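Colleague: give the three-dimensional model of this entry:
(one chain, ligands or ions: 1)
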Amino acid sequence: MNKELLLVVDFGAHNNQQVAKIARQSKVYCEVKPDNQDLEKLNPKAVIVVGDDEVDADLSKVKSLNVPVLEKGNLKSVEEIESFIKVCGFTCDWTVDAFIEDAVKQIRETVGDKKVLCALSGGVDSSVCAALVYKAIGNQLTCMFVNHGLMRKGEPELIDQIFGRQFGMPLITINAVDRFLEKLDGIDEPERKRKIIGEEFIRVFEEESRKLGKMDFLVQGTIYPDIIESVSNKGVVKSHHNVGGLPEDIDFQLLEPVKWLFKDEVRAVGEALGLPHEQVWRQPFPGPGLGVRVVGAITRDKLEFVRESDAILREEIAKAGLDQSIWQYFTVCPGCEYFAS
Ligand SMILES: Nc1ncnc2c1ncn2[C@@H]1O[C@H](COP(=O)(O)OP(=O)(O)OP(=O)(O)O)[C@@H](O)[C@H]1O
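Modeller: Residues are numbered from 1 along each chain as shown. Here you go, the predicted model:
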């Protein structure tokens, strides 16, 4: 697809992502770039300038593009952006389906006949990436799910049901429950737990992926805010999203098929690809899973307690119709007497 680009040039605005999201809701493809980039090579059809100190900004680079520029005031209203889009004559054809079609084509071109590995956690980002890459290259993709024993109730089974059975993807499930729980034995510091879980994940993933023979690409669920924030005008906000913190020198090329999408767009793409609604709209879940919802040292009893109580809470919240309006809700297992052995 030959995309018409609406460029948001960011002079350090706090609302840069908001402006891009509004434009995209009008089906216009929009990217956010800091003003120090080579804007000309992006060939935009129009530009919106945003910035908290925009009045003092040097707009010569933007003006030299010779395209329409919306540059007055920092807080651009939805109406203002929509009418600018209309005046500029955008085709407004950037839809979820158009994105998928384009992404599938690009993935096929990039991958050719090579092999791709996806670390599938069952979270929104890796799930949508897996579905998208599978649509593009079918069985050239292998997904690997590491069950570390810290998942929510029914989650490992659900991953198998959706990706293994419904989609029919090549899916390898690694049962590493004992291995993780042994490493975590007696550890009560939450930061220490996180570190152990992260490091163990990398070890398991490396060991198991080696058994698969040569894999050329690794799928990574980078999303657009990761990119905008890592190259923001205000300096690096946070480092790039990474598959469980794998080292930089891994022997894979990265495939990042949703790196131009905001989270809600990732969800919409997931639904369009046939992932269940509940899977793509689920609440954020911490990487170290239930391990950090047990206060103090983790035992199998405590894990079971927090897993069951979490399942009950989620069921009740859903029954009350609140599961999409409350951003985060969870149960915690305190280090109480009841569990003393
Ligand atoms: N148990 C797991 N099995 C396989 N891959 C995993 C697992 N946990 C994490 N990963 C990989 O590491 C990536 C980053 O994990 P993190 O916990 O930070 O999740 P995230 O950024 O919310 O992404 P997602 O929505 O895919 O879970 C995931 O996208 C996935 O590729």
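Colleague: mind listing what Gly270 touches?
Modeller: Val124, Ser127, Val128, Ala131, Gln279, Val280 (CB atoms under 8 Å, 6 or more residues apart in numbering). (Glycine included, C-beta is placed from N, CA and C.)
Colleague: how many neighbours does the second one have?
Modeller: Here the number of neighbours of Ser127 (other CB atoms under 10 Å) works out to 27.
Colleague: ok, it - contacts?
Modeller: Contacts of Ser127 by CB under 8 Å, 6+ apart are Leu120, Ser121, Ile162, Phe163, Gly270, Leu275, Gln279, Val280.
Colleague: so how far is the ligand from the first one?
Modeller: To tie it back to what came earlier, the one meant is Leu120. Computed as CB to the nearest ligand atom, to the nearest Å, the Leu120 to the ligand distance reads 5 Å.
Colleague: can you map out the strands along the chain?
Modeller: 5-10, 29-34, 46-50, 69-70, 116-119, 141-147, 171-175, 217-219, 253-255 (DSSP state E).
Colleague: what mean pLDDT does the longest one get?
Modeller: Along strand 141-147, the predicted confidence averages to a pLDDT of 97.
Colleague: just to revisit the earlier point, can you redo the strands of the chain as TSV with mean neighbour count?
Modeller: Shown next, in TSV, are these (neighbours: other CB atoms under 10 Å):
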stretch	mean neighbour count
strand 5-10	26
strand 29-34	22
strand 46-50	25
strand 69-70	20
strand 116-119	25
strand 141-147	22
strand 171-175	16
strand 217-219	22
strand 253-255	18
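Colleague: find the centremost residue of this structure, please.
Modeller: Asp125 (3.7 Å; CA atoms, centre = their mean).
Colleague: surely that one touches Lys259?
Modeller: No. The pair Asp125 / Lys259 is not scored as a contact, 10.2 Å apart, by CB atoms under 8 Å.
Colleague: now for these two: what residues contact both?
Modeller: Joint contacts of Asp125 and Lys259 (CB under 8 Å, 6+ apart) are Ile223.
Colleague: residues from this protein in reach of the ligand?
Modeller: 119-121, 123-126, 144-146, 148, 201, 221, 241, 243-244, 287 (CB under 6 Å from any ligand atom).
Colleague: repeat that with 5 Å
Modeller: For the chain, the contact set with the ligand under CB under 5 Å from any ligand atom comprises Ala119, Ser121, Gly123, Val124, Asp125, Ser126, Phe145, Val146, Gly221, Val243, Gly244, Gly287.
Colleague: how about His22, nearest residue that isn't a chain neighbour?
Modeller: That one is not His; residue 22 is Ile. Ile81 (4.9 Å; CB to CB, 6 or more residues apart in numbering).
Colleague: now, which of the contacts of Ser127 lie within helices?
Modeller: Among the contacts of Ser127, the ones falling in helices (DSSP state H) are Gly270, Gln279, Val280.
Colleague: could you find the lowest-pLDDT member of the residues you listed?
Modeller: Gln279 (89).
Colleague: hmm, Ile159 and it touching each other?
Modeller: No. Counting by CB under 8 Å, Ile159 is not a contact partner of Gln279; they are 9.4 Å apart.
Colleague: ok, the closest residue to the ligand within the chain - contacts?
Modeller: Here the residue of the chain nearest the ligand is Gly123; by CB to the nearest ligand atom that distance is 2.0 Å. Counting by CB under 8 Å, 6+ apart, Gly123 touches Gly221, Phe285.
Colleague: and Asn139, how many neighbours?
Modeller: By other CB under 10 Å, neighbour count at Asn139 equals 10.
Colleague: look up the closest residue to it, ignoring the ones flanking it.
Modeller: Pro170 (5.7 Å).
Colleague: how about that neighbour, what does it touch?
Modeller: Applying CB under 8 Å, 6+ apart, the residues near Pro170 are Asn139, Leu141, Thr142, Cys143.
Colleague: Val219 versus that one, what's the distance?
Modeller: 13 Å (CB to CB, to the nearest Å).
Colleague: pretty sure Gly122 contacts Met151?
Modeller: Yes. The pair formed by Gly122 and Met151 meets the contact definition of CB under 8 Å, at 7.5 Å.
Colleague: related to what we said a few turns ago, spatially, which two of the residues of the chain next to the ligand are the most separated?
Modeller: Farthest-apart pair in the residues of the chain next to the ligand is Val124 and Val146; separation 17.4 Å (CB to CB).
Colleague: leaving out the residues flanking it, which one is nearest to the residue nearest to the centre of the chain?
Modeller: Using CB to CB, 6+ apart, the closest residue to Asp125 is Gly221 (3.0 Å).
Colleague: pLDDT score for the one you found?
Modeller: 91.
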